[in-house]
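*Asks:* build the 3D model from these lines:
(one chain, ligands or ions: 1)
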Amino acid sequence: MVSAPAQDTRFRLGEEQARALAEQYGTPLYVLDETHLRTRIRRYREAFQACYPDVDLAFASKANSTLAVLAIAAAEGCSIDVASEGELRAALAAGVPAGRCHLHGNNKQLEEIEFALDQGVGKIVVDHFGEIEALGEFHRERGGLGVTQLVLRLAPGVDPVTHEKISTGQADTKFGFNIADGSGERAALRLLELGLPLVGFHCHVGSQLLDPEAQRSGGELIARFALRMKSEHGFEARYLNVGGGLGVIYTDQDRPMPVEEYCRLVVKAVTRALEGSGLHPILGQEPGRALVAESGVTLYRVGVVKTVPAKEVGTRTYVAVDGGLSDNPRPAIYGSRYAIERVSSPATATTKDEVLVTVCGKHCETDRLFEASVPADIAPGDLVQVLTTGAYGSSMASTYNRYPRPATALVRPDGSFSLVQRRDTWDEMIARESVPEDL
Ligand code: LLP
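*Replies:* You can find the predicted model right below:
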């Protein structure tokens with residue numbers, strides 16, 4: 001069931017703010033609103049807590065691992081899901097205690113595991129049999145894993161309705177242990193046999209889920225798995241994490257389920273399955289996008305507006321912004337669409353009519369970023385904001401075509417701005433390289 005959102009929950013800049021930000025920091029610029037982000041996190045946490053007594057809301061830091069964002073998420077009570085040593089180091093640098101971090105990864109390097117154990121990471125989410133044996137080795141060598149607990153990543157075998165590149169819970173996936181073919185059970189038993197501190201189970205079925213059915217059934221399946229592990233093997237799960245994945249509003253057509261409804265649905269699936277079992281695990285979720293995507297925009301300046309002949313449609317108007325593929329690869333990878341709004345109204349603005357254009361970037365690629373409606377008199381020099389870019393923008397940025405990655409400005413609750421990530425400098429863009437002397 002998909003329901004309409006009560007309102008447009010996306011953050012957007014006002015004209016004055018946008019002008020001031022562009023003047024102070026230049027464009028392209030990622031902008032995040034602190035109050036919006038805190039409010040999103042609180043709403044999620046309260047919705048989750050309202051339907052279950054003991055919850056763990058983790059922020060999936062892959063969505064945005066800017067230190068300021070990690071600090072805000074931690075201050076709002078989130079634990080932090082890290083998918084690499086780099087993300088763990090970022091969380092530590094942001095002041096998050098290691099004990100509040102969960103380390104994921106389908107192919108963790110021994111060094112990554114060792115670093116995490118040395119730091120006292122809270123949980124390691126175990127993904128394959130080789131990792132179990134490696135953890136067994138560490139356990140033997142160190143006389144235990146210290147404070148670190150282990151959670152088994154399960155592939156519940158559900159196919160979510162989302163882009164195939166961001167669905168992870170189906171049977172044919174590189175992540176975790178399949179439940180149906182018995183791998184999950186064998187993995188759990190091996191962990192227990194080695195005396196490793198297994199505390200529970202995890203699944204993540206996919207991202208940008210606008211139809212939450214997959215998430216619901218993922219939750220139900222791992223709860224049933226926990227039930228079976230208790231009845232058949234006497235193992236009592238103390239922790240179940242059903243992953244992230246709730247969708248957000250990218251365009252007016254997106255209708256994500258309100259978080260309150262979503263939490264009720266997922267929690268009900270788990271608690272129904274556990275009814276009468278005597279199991280009362282901590283219930284975890286680890287959303288990334290749902291917490292931070294709508295709190296951010298990317299501010300660009302329009303450079304070129306060009307209308308060209310086009311097959312089938314007659315003509316196509318390209319609106320080129322001063323960024324693109326390197327600050328937002330999502331349209332190229334997933335065919336993602338966004339809403340773009342003009343934030344400056346030049347004196348020359350004459351009309352409120354909208355036209356459909358193709359927004360493109362400045363990279364040496366045929367990068368039609370996405371199609372969107374813009375004012376018919378959009379012109380070079382206009383400032384525009386692309387909404388819903390707080391997640392998987394800065395964290396997926398590259399320096400393709402040797403464009404510096406944009407800065408991130410944080411709009412503080414008092415309306416002031418803080419530069420929380422500066423733009424790459426020209427010097428550091430080439431700092432890693434050298435030319436052999438004989439060249
Ligand atoms: N937990 C796990 C184990 C995950 O694999 C993911 C996302 C999340 C949590 C957070 O999912 P979210 O709530 O943000 O949907 N780069 C892609 C998304 C890749 C997501 C992979 N895993 C994008 O730009 O859409």
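*Asks:* from now on I want contacts and neighbour counts done on CA atoms only, so please keep to that.
*Replies:* Noted.
*Asks:* quick one: contacts for the residue nearest to the spatial centre of the chain?
*Replies:* The centroid of the chain falls nearest to residue 63 when counting by CA atoms, centre = their mean (2.8 Å). Residue 63 is in contact with 288-289, 292-293, 390-393, 395, counting by CA atoms under 8 Å, 6 or more residues apart in numbering.
*Asks:* just residue 179 next, same as before
*Replies:* 154-157, 185, 225.
*Asks:* check what pLDDT it gets.
*Replies:* You'll see residue 179 listed with a pLDDT of 94.
*Asks:* unless I'm mixing things up, residue 249 is touching residue 258, no?
*Replies:* No: applying CA atoms under 8 Å as the test, residue 249 and residue 258 come out as separate, 11.0 Å apart.
*Asks:* what lines up beside the host helix or strand of residue 32 in the sheet?
*Replies:* In this assignment (DSSP states H and E), residue 32 forms part of strand 29-33. Listed by DSSP bridges, the sheet partners of strand 29-33 and their directions read strand 296-310 (antiparallel), strand 407-411 (parallel).
*Asks:* chain center to it: distance?
*Replies:* What separates the centre of strand 29-33 from the centre of its chain is 16 Å, taken as CA atoms, centre = their mean, to the nearest Å.
*Asks:* for residue 220, helix, strand, or coil?
*Replies:* Classification of residue 220 by DSSP: H, G, I helix; E, B strand; the rest coil places it in helix.
*Asks:* returning to that earlier point: quick one: mean pLDDT for the following helix or strand past the strand holding residue 32?
*Replies:* Next along the chain after strand 29-33, taking DSSP H and E as the criterion, comes helix 34-51. Averaging pLDDT along helix 34-51 yields 98.
*Asks:* if you look at helix 34-51, does any of it touch the ligand?
*Replies:* No: Helix 34-51 stays clear of the ligand (CA under 6 Å from any ligand atom), getting no nearer than 11.8 Å.
*Asks:* who are the packing partners of that helix?
*Replies:* Helix 34-51 sits against strand 55-60, helix 67-75, helix 259-274, helix 289-292, with contacts defined as 3 or more CA pairs under 8 Å, 6 or more residues apart in numbering; DSSP states H and E.
*Asks:* please identify the deepest-packed of the ones you listed.
*Replies:* helix 289-292 (a mean of 28; mean count of other CA atoms under 10 Å).
*Asks:* same for the helix or strand of the chain with the lowest mean pLDDT, what does it pack against?
*Replies:* Ranked by mean pLDDT, DSSP states H and E, the weakest helix or strand in the chain is strand 368-375, scoring a mean of 88. Other elements packing on strand 368-375 under the criterion 3+ CA pairs under 8 Å, 6+ apart are helix 330-334, strand 340-342, strand 354-360.
*Asks:* for the ligand, find the nearest of the ones you listed.
*Replies:* helix 330-334 (5.6 Å; CA to the nearest ligand atom).
*Asks:* what helices or strands is that closest one leaning on?
*Replies:* Using 3+ CA pairs under 8 Å, 6+ apart, the elements in contact with helix 330-334 are strand 368-375.
*Asks:* tilt between the strand it packs on and strand 354-360?
*Replies:* 150 degrees (axes from the mean of the first three to the mean of the last three CA atoms, to 10 degrees).
*Asks:* contacts for strand 368-375, please.
*Replies:* Taking CA under 8 Å, 6+ apart as the rule, strand 368-375 contacts 324-325, 331-332, 335-342, 351-361.
*Asks:* stretch 260-276 now?
*Replies:* Residues contacting stretch 260-276 (CA under 8 Å, 6+ apart): 44, 47-48, 51-52, 212, 215-217, 219-220, 223-224, 227, 246.
*Asks:* tell me the gap between it and the middle of its chain.
*Replies:* Stretch 260-276 sits 23 Å away from the centroid of its parent chain (CA atoms, centre = their mean).
*Asks:* how near is the closest residue to residue 224 other than its chain neighbours to residue 239?
*Replies:* In space, and not counting its chain neighbours, residue 224 is closest to residue 273: 5.9 Å by CA to CA, 6 or more residues apart in numbering. For residue 273, the distance to residue 239 equals 15 Å [CA to CA, to the nearest Å].
*Asks:* then residue 83?
*Replies:* Taken as CA to CA, the span from residue 83 to residue 239 is 19 Å.
*Asks:* quick one, which of these two is more surrounded?
*Replies:* residue 239 (22 against 19; other CA atoms under 10 Å).
*Asks:* hang on, the earlier thing: run through who's touching the strand holding residue 32.
*Replies:* Strand 29-33 is contacted from outside by 11, 22, 295-300, 389-390, 394, 406-412, using CA under 8 Å, 6+ apart.
*Asks:* neighbour count for residue 249 and residue 258, which is higher?
*Replies:* Ranked by neighbour count (other CA under 10 Å), residue 249 and residue 258 place residue 249 first, with 22 against 19.
*Asks:* which part of the stretch 301-439 of the chain gets nearest to the ligand, residue-wise?
*Replies:* For the stretch 301-439 of the chain, CA to the nearest ligand atom, closest residue to the ligand: residue 392, 4.7 Å.
*Asks:* residue 196 reaches residue 134, doesn't it?
*Replies:* No: look at residue 196 against residue 134 with CA under 8 Å: they stay out of range, at 11.1 Å.
*Asks:* the two: which is more packed in?
*Replies:* Shown here are residue 196 and residue 134; by other CA under 10 Å, residue 196 has more neighbours (20 against 14).
*Asks:* any idea how far residue 88 is from that one?
*Replies:* Separation of residue 196 from residue 88 (CA to CA) stands at 22 Å.
*Asks:* could you do residue 58 as well?
*Replies:* Using CA to CA, we find residue 58 at a distance of 13 Å from residue 88.
*Asks:* redo the helices and strands packed on strand 368-375 as TSV? Include distance to the ligand and mean pLDDT.
*Replies:* Formatted as TSV, the helices and strands packed on strand 368-375 follow (distance: least, CA to the nearest ligand atom, whole Å; pLDDT from 0 to 100):
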stretch	distance to the ligand	mean pLDDT
helix 330-334	6	94
strand 340-342	18	95
strand 354-360	18	93
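*Asks:* OK, contacts around residue 199?
*Replies:* 149-151, 236-239.
*Asks:* which of these fall within helices?
*Replies:* When helices are assigned by DSSP state H, not one member of the contacts of residue 199 lies inside them.
*Asks:* which of these has the largest number of neighbours?
*Replies:* In terms of neighbour count, residue 151 stands highest of the contacts of residue 199 at 28 neighbours, by other CA under 10 Å.
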